[in-house]
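Visitor: Provide a 3D model corresponding to the input given below.
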Amino acid sequence: MSAAAAPAEGQEQAPKKNLGKLMLPLFAALNLVVLGGGAFLTYKSTIAYTPPELTEAQAALEIKKEREIASAGPSVMYSMPGFAVNMAGQPRRLIKVEMTFEMLDKDGFEEIVRNSPQVRDQIIRILNKKTFDDVETIQGKLFLKDQISVALNQQMKAGVVKDIYFNEFLVQ
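Guide: Below you'll find the predicted structure:
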């Protein structure tokens, strides 16, 4: 029986060897296709990239459209009373701010006045995380304005904060 069993095992190994010989070129071709696709995408995103062209006339039209959209309705201003907040970092510093919020419409004004304790709390949380180095530069102040407006717009349901103006900004 051992003689009969030996040829059967040999026959089973022959298809496995043929399968291995077939898979090697298949994997090599698949590898070349993937590498070629990656090289093409790299080429398109680096060397072959052409930046969009913007002419002065197109830029002027875009600015005009943005101004028309911004001036579509009368914006409403709300001045929040000033307050002082401890800042993060060492040495301990105190920041005193007084802000005016420009709202898109009267509904936003009413909402920000109605929710002024929550708005004030949100601003205090943001200012508590800031260090002196974060707000020392003009870019830092602009980033702070953006961060506050994004946080307030996420919190508000009907109103939209269009812009924030610092009436007083003192760090001691």
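
Visitor: what's the spacing between stretch 124-144 and its chain's center?
Guide: 18 Å (CA atoms, centre = their mean, to the nearest Å).

Visitor: do the same with stretch 160-172
Guide: Relative to its chain's centre, stretch 160-172 lies at 22 Å (CA atoms, centre = their mean).

Visitor: if I look at the closest residue in space to S75 that isn't next to it in sequence, how far off is E110?
Guide: If the residues on either side of it in the chain are set aside, S75 comes closest to E102, at 5.1 Å by CB to CB, 6 or more residues apart in numbering. All C-beta spots, glycine's among them, are computed from the backbone N, C-alpha and C. Plainly put, E102 is 15 Å away from E110 if you go by CB to CB, to the nearest Å.

Visitor: about what we covered before: how far away from the center of its chain is the strand or helix carrying the residue nearest to S75?
Guide: For E102, the element it lies in under DSSP states H and E is strand 94-103. Computed by CA atoms, centre = their mean, the chain-centroid distance of strand 94-103 equals 24 Å.

Visitor: count residues in the vicinity of V119, would you?
Guide: Per other CB atoms under 10 Å, the neighbour tally for V119 reads 23.

Visitor: need phi/psi at it.
Guide: With angles defined as degrees, to the nearest 10, V119 sits at phi -60, psi -50.

Visitor: isn't it up against P81?
Guide: No - with contact defined as CB atoms under 8 Å, V119 does not reach P81; the gap is 11.7 Å.

Visitor: so who does the residue nearest to E168 when sequence neighbours are not counted touch?
Guide: Excluding the flanking residues, the one nearest E168 by CB to CB, 6+ apart is E98, at 3.9 Å. By CB atoms under 8 Å, 6 or more residues apart in numbering, E98 lies in contact with S79, M80, P81, G82, F83, F166, N167, E168, F169.

Visitor: now pLDDT and distance to V150 too, for the residues you listed, in JSON lines please.
Guide: As requested, the contacts of E98 are exported to JSON lines (pLDDT from 0 to 100; distance: CB to CB, whole Å):
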{"residue": "S79", "pLDDT": "92", "distance to V150": "21"}
{"residue": "M80", "pLDDT": "92", "distance to V150": "17"}
{"residue": "P81", "pLDDT": "92", "distance to V150": "22"}
{"residue": "G82", "pLDDT": "92", "distance to V150": "22"}
{"residue": "F83", "pLDDT": "91", "distance to V150": "20"}
{"residue": "F166", "pLDDT": "93", "distance to V150": "16"}
{"residue": "N167", "pLDDT": "93", "distance to V150": "21"}
{"residue": "E168", "pLDDT": "94", "distance to V150": "22"}
{"residue": "F169", "pLDDT": "92", "distance to V150": "19"}
